[in-house]
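Engineer: attaching a predicted model along with its sequence, questions to come.
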Amino acid sequence: MPGGIVCDMDDADQKSTYAAEDMVTTWLDAVSSDTGVVQVAVSRGGRRRSVDFTPETEPRFSNPPDVTQFVDQVLERLRQQARTYGSNYRGREKKPVEVQAFRGWKKATYRDGMILLPERERGGAWALRGLVVVHELAHHLNTGLDGAIIDAHGAGFRATMLQLLEDIGWTEIAAMLREAHRQLGLDGQGPSGDGMLAKVGKMLRHAEGAATEAERDAFLTKAQELATTHSIELAVARAAHAAGEVSPAPRFEAVRLGHRGQQSNVRYIELMLAIARTNDLRCTIRGDNTAVTLYGFPGDIDVAKALYVSLVVQMVADADAYIRSGAHRPVHGRTARAAFYSGWTTRIEQRLQRARWAAQASAGAYERGIDQVTGEPSGAQLPALVAKEVEVRDFFDHMRRQHGVRGTWRGSSAVADERSSEHGRDAAERARLGREKELSA
């Protein structure tokens with residue numbers, strides 16, 4: 001697929017996430033020096049009421065170098081907890097973080113293992129406080145929802161921030177942040193009613209509790225069929241719109257899949273590309289292999305993200321179990337994991353494609369339905385689907401020109417370990433889709 005860098009990452013939740021943390025800092029600044037309590041007015045069930053919090057002492061720092069000791073202490077605490085209870089951050093606490101000052105004063109930022117903070121003398125006193133530093137450290141630790149999609153300031157980041165606050169013992173401040181999220185409606189986002197995603201979500205819950213592999217496969221097939229059927233219905237509806245009527249248009253959304261330098265990034269990208277191909281989407285790939293940008297209609301993008309979030313967690317868990325079993329020896333674990341991921345992705349794309357073709361046949365999307373020999377669609381396609389494909393392709397080509405995207409993604413190199421690839425394909429046969437909370441993300 002065409003590749004390149006799209007630098008403008010989608011960060012729709014940034015303002016609301018900042019607003020919630022600003023609310024907490026206002027509350028912290030109002031804590032009584034005598035009692036250590038702050039009383040805040042909140043809205044619950046449409047009524048106003050007062051809530052008392054007794055927050056932990058939030059450290060303040062004189063300058064950015066003073067922050068280094070605090071960050072080192074936090075990371076060491078997380079490492080100790082990981083050794084005893086397991087990591088809450090998929091091992092990200094093992095990677096060191098450097099703190100540096102920079103000349104600006106309007107923002108603090110995290111970038112590839114480095115926290116950049118403004119100096120007090122330049123007006124940066126607002127950033128030299130514990131909550132701001134924890135925010136930037138949460139960017140370093142963030143692995144999204146269940147390690148699947150690494151968002152900038154979305155639900156995954158907020159979950160990481162709350163987890164971090166609790167892990168360092170700031171449980172009351174974590175409760176205050178949850179309250180701020182609640183006041184701004186950040187804990188209730190997601191699909192509502194009985195729309196297509198809600199229906200797919202029901203299939204995912206059934207799949208999660210399936211007793212046999214056949215049942216899991218049936219629910220996976222049904223989830224993809226629902227998504228494909230819904231996509232066809234929308235395409236037909238768009239084609240039927242009278243001239244001048246407002247109809248849904250293609251859009252693009254950047255989705256971060258990994259941290260820079262992570263060796264498995266290309267395998268995660270391959271899984272997302274397989275899902276995107278099944279759901280009428282085009283993609284570009286960020287130059288450092290940490291993200292993809294999806295181009296297509298909103299419903300198709302939402303389905304692709306939901307499928308990816310569920311499937312990537314299973315793929316990683318299946319590979320972990322395979323490597324722990326020792327069945328890959330004498331092949332090196334890194335090589336075996338890459339081959340396992342490759343086989344897993346190949347097999348899961350075949351399953352999704354079969355479900356897509358079955359849905360298209362049922363919807364009469366092709367002139368002669370499904371070819372009995374190849375199992376693929378046969379004959380002329382519905383004009384509405386052709387129009388949709390052209391519209392997505394034209395939008396994609398336009399956006400590539402706008403963003404200056406050039407070149408072709410080279411992908412990953414082939415791995416000569418057929419045994420591990422076969423184990424990956426077998427594991428993908430047993431794959432199921434994830435939980436409702438993953439879909440709502």
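Structural biologist: It's in. Just so we're clear, the structure is a prediction, and the values are computed from it rather than from any experiment.

Engineer: downstream of whichever helix in the chain runs longest, the next helix or strand is which one?
Structural biologist: Identified as the longest helix of the chain according to DSSP state H is helix 333-362. Remark: after helix 333-362, the chain's next helix or strand is helix 383-403, criterion DSSP states H and E.

Engineer: for that next one, output the C-alpha coordinates as PDB.
Structural biologist: Taking Å, rounded to 0.1, in the frame of the first residue of the first chain, the C-alpha atoms of helix 383-403 are listed here in PDB:
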ATOM      1  CA  PRO A 383     -23.100   0.700  -9.000                       C
ATOM      2  CA  ALA A 384     -23.300   2.100  -5.500                       C
ATOM      3  CA  LEU A 385     -20.300   0.100  -4.400                       C
ATOM      4  CA  VAL A 386     -18.400   1.100  -7.500                       C
ATOM      5  CA  ALA A 387     -19.200   4.800  -6.700                       C
ATOM      6  CA  LYS A 388     -18.100   4.300  -3.100                       C
ATOM      7  CA  GLU A 389     -14.800   2.800  -4.200                       C
ATOM      8  CA  VAL A 390     -14.100   5.600  -6.600                       C
ATOM      9  CA  GLU A 391     -15.000   8.200  -4.000                       C
ATOM     10  CA  VAL A 392     -12.600   6.700  -1.400                       C
ATOM     11  CA  ARG A 393      -9.800   6.400  -4.100                       C
ATOM     12  CA  ASP A 394     -10.200  10.000  -5.200                       C
ATOM     13  CA  PHE A 395     -10.300  11.300  -1.600                       C
ATOM     14  CA  PHE A 396      -7.200   9.200  -0.900                       C
ATOM     15  CA  ASP A 397      -5.300  10.500  -3.900                       C
ATOM     16  CA  HIS A 398      -6.300  14.100  -3.100                       C
ATOM     17  CA  MET A 399      -5.100  13.800   0.500                       C
ATOM     18  CA  ARG A 400      -1.800  12.200  -0.500                       C
ATOM     19  CA  ARG A 401      -1.200  15.200  -2.800                       C
ATOM     20  CA  GLN A 402      -2.200  17.600   0.000                       C
ATOM     21  CA  HIS A 403       0.100  16.000   2.500                       C
END
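
Engineer: what residues sit buried inside it?
Structural biologist: Within helix 383-403, the residues that qualify as buried are A384, L385, K388, E391, V392, F395, F396, M399, R400, H403, counting by 16 or more other Cβ atoms under 10 Å. Bear in mind the C-beta positions are built from the backbone N, C-alpha and C, glycine included.

Engineer: can you check stretch 280-300 too?
Structural biologist: In stretch 280-300, counting by 16+ other Cβ under 10 Å, buried: 280-286, 289-297, 299-300.

Engineer: cool, stretch 16-27 as well?
Structural biologist: Quick answer for stretch 16-27 (16+ other Cβ under 10 Å): S16, T17, A20, E21, M23, V24, T25, W27.

Engineer: what's the average pLDDT for the longest helix of the chain?
Structural biologist: Averaging pLDDT along helix 333-362 yields 86.
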